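Asks: compute the structure for the input listed below.
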Amino acid sequence: MKKNIDIIVANPSGNITIFVKTPVPRSEYQTVASQLLAMEELKGEQVAFILEKADIPAADGAMEMCGLEFCGNASRSFGLILAQEAGDCGTSVRTVQVSGCDYTLQVELDMDMNSAKIRMPNPISCEKKQECTIVDFGGILHIIVEDLPASKEVFDLLKDRVYEQLNPPAMGFMFWDTAEKKLTPVVYVKDVDSTYFEGSCGSGTTAMAAAFSMGREDGTYSWSIPQPAGTIDATAVVKDGRAVEIYIDSPVDVKPMQTVEVEI
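Replies: The predicted structure follows:
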């Protein structure tokens, strides 16, 4: 059956996210998302579904990613969408309920600059191994590797090794070029069996900030982390050699709502 659905396309530093405003049952998430991602004119990397009502009363709105994973870029983009719909001006704060996180998150907004800053969930753990750094967020596991080619072949080899041992619901390899100081994020979501070489990655940027914070003296540190389609700024508050607060920030371009046809 063909159905018209309303969507909003947001571009947070190149990590283009398609938000579905029309209610869609979870059982149809993958069906709808695969069709939206196949629409080349949208250039989407991921799909989020806006819920009719938040479960947590304090939230201004709720959304779920297609694979029910957490996504920082989508979360802060959602905060900006809510603020624009409410007619906010100047600086604003919106509280969002998002998949992969069991508490609400606050998005700090500058409506004049269309920038959205969010305090990210702290990693459950950040552990440096011999050849990599593993940052576990619960809903997604990020593995930082240095100076390896960011190719599909390398990613698939590394992914298979991780799933043999850890079997996370979602995972990313953050390919960090130490000479160029540039990040190439590659993310895999198990439930929808999707691999994306992302334009940018919010949780991946957070993982980098957590890794950069390890062993530092108490204080506040900031980094601008270039990625294939844009740069995300990260700020970490460090105490006792680890990050206790991490924020990511950058402008987000939100397109006007449009209607597309999908098969359900």
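Asks: could you pull out the strands for the stretch 51-200 of the chain?
Replies: Counting by DSSP state E, counting those that start in this stretch, the stretch 51-200 of the chain has strands at residues 61-65, 91-98, 105-110, 115-120, 125-128, 133-136, 141-146, 170-177, 182-189, 194-197.
Asks: now do the second one against strand 105-110, angle only.
Replies: Right, strand 91-98. Orientation check (axes from the mean of the first three to the mean of the last three CA atoms, to 10 degrees): strand 91-98 against strand 105-110 gives 150 degrees.
Asks: same check on the first one?
Replies: Between the direction of strand 61-65 and that of strand 105-110, the angle (the same axes, to 10 degrees) works out to 110 degrees.
Asks: measure Arg76 to Gly219 for me?
Replies: 24 Å (CB to CB, to the nearest Å). For every residue, glycine as well, the C-beta is placed using N, CA and C.
Asks: one more: Arg161?
Replies: Distance from Arg161 to Gly219, by CB to CB: 36 Å.
Asks: next: Ser27.
Replies: Distance of Ser27 to Gly219, computed by CB to CB: 48 Å.
Asks: please apply the same query to Asp191.
Replies: To Gly219, Asp191 is 39 Å away according to CB to CB.
Asks: so which of the two has more stuff around it?
Replies: Asp191 (14 against 10; other CB atoms under 10 Å).
Asks: skip the chain neighbours and tell me the closest residue to the more buried one.
Replies: Gly67 (4.3 Å; CB to CB, 6 or more residues apart in numbering).
Asks: ramachandran angles for that neighbour?
Replies: Here is the backbone geometry of Gly67 (degrees, to the nearest 10): phi -100, psi 10.
Asks: same check on Gly204?
Replies: Dihedral angles (degrees, to the nearest 10) for Gly204: phi -70, psi -40.
Asks: quick check: buried residues in the helix or strand harbouring Ala243?
Replies: According to DSSP states H and E, Ala243 maps onto strand 242-254. Of all the residues in strand 242-254, those buried under the rule 16 or more other CB atoms under 10 Å are 242-243, 246-250, 252, 254.
Asks: ok so, going back, the strands of the stretch 51-200 of the chain: which one's closest to Val260?
Replies: Checking those against Val260 by CB to CB gives strand 61-65 as the closest, at 18.0 Å.
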